[in-house]
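# I'll drop the sequence and a predicted model, then ask my questions.
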Amino acid sequence: MPLPAIEKDCRSRMDKAVDYFKQELRGVRTGRAHAGLVEHIRVEVESYGSTMELRELAGITVPDPGTLLVKPFDPSTLKDIEKGLQTSDLGIAPISDGKSIRLPIPALSGERRQQLIQHVKKLAEAQKIAVRNIRREANKAIDGEEKAKTISEDQAKDAKEQIQKLVKKHEGSIDQVVEAKSKEIEAV
């Protein structure tokens, strides 16, 4: 594989790792209500005979900073959605009025905020490890090219330095996301 292709593959895979991390953080609770908190919850819908994500079954709105409003597209799925929200690990009791479901988001305690920040840091470290594994694979590919005599030793060294710069850039991106999410969690 030529060096530009190795670098391009490495960059795209590292970008995906950072994007995946950002998606993971959407489900981490903060003191404010936002649709990302519940949209990926899986709901078993008996009438459809399948499991679907909540965003596929209902409109999710934020009428005020402390409440989520879930309006099913099909009113017959209301009970299934309510059951799915109760069994989720969200820890919020849904309130149904027969047409929609309200989810009051309680304020976080100081201890819970610290637990959430630690959870975010753990997720970040997992993605940093993924980025480093991508670097290792790219370096192996570069070594293979060098052994096959398709690139020189200097070209291999330069390519590895470029890969290392990519690692630093993506780890920095992950750290920025962690910092922003931590501030969001700590905000009262």
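Now that the structure is in, tell me what you want to look at.
# Tell me where this structure has strands.
Counting by DSSP state E, the chain has strands at residues 42-45, 50-53, 58-64, 67-72, 95-96, 101-104.
# Buried residues, the second one. List them.
Within strand 50-53, the residues that qualify as buried are Met52, counting by 16 or more other CB atoms under 10 Å. Backbone N, C-alpha and C define where each C-beta goes, glycine included.
# about what we covered before: want to throw the strands of the chain into TSV with distance to Ala5 and mean pLDDT?
Rendered in TSV, the data for these read as follows (distance: least, CB to CB, whole Å; pLDDT from 0 to 100):
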stretch	distance to Ala5	mean pLDDT
strand 42-45	38	85
strand 50-53	35	86
strand 58-64	41	88
strand 67-72	45	89
strand 95-96	54	88
strand 101-104	47	88
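# Roughly how far does the closest residue to Gln164 other than its chain neighbours sit from Gln23?
Of all residues beyond its chain neighbours, the one nearest Gln164 is Arg135 (7.1 Å), with distances taken as CB to CB, 6 or more residues apart in numbering. With distances taken as CB to CB, to the nearest Å, Arg135 is found 22 Å from Gln23.
# how does the chain divide up, domain by domain?
Under the assignment automatic domain parsing, the domains of the chain span 3-26+109-186, 35-104.
# which residues of this protein fall in helices?
Ranges of helices in the chain, per DSSP state H, are 3-25, 54-57, 78-87, 110-147, 153-186.
# any chance of those in CSV, with mean pLDDT too?
Shown next, in CSV, are the helices of the chain (pLDDT from 0 to 100):
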stretch, mean pLDDT
helix 3-25, 91
helix 54-57, 86
helix 78-87, 86
helix 110-147, 91
helix 153-186, 92
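# Now render the ones you listed as JSON lines, adding distance to Tyr48 and mean neighbour count.
What follows is the helices of the chain, written out as JSON lines (distance: least, CB to CB, whole Å; neighbours: other CB atoms under 10 Å):
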{"stretch": "helix 3-25", "distance to Tyr48": "25", "mean neighbour count": "16"}
{"stretch": "helix 54-57", "distance to Tyr48": "9", "mean neighbour count": "17"}
{"stretch": "helix 78-87", "distance to Tyr48": "9", "mean neighbour count": "18"}
{"stretch": "helix 110-147", "distance to Tyr48": "32", "mean neighbour count": "16"}
{"stretch": "helix 153-186", "distance to Tyr48": "34", "mean neighbour count": "16"}
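# if I pick the residue sitting furthest away from the middle of the chain, what's in contact with it?
Taking CA atoms, centre = their mean, the residue of the chain most remote from its mean C-alpha position is Lys149, at 40.8 Å. Neighbour list for Lys149: empty [criterion: CB atoms under 8 Å, 6 or more residues apart in numbering].
# What separation do you get for it and Arg11?
Applying CB to CB to Lys149 and Arg11 gives a distance of 26 Å.
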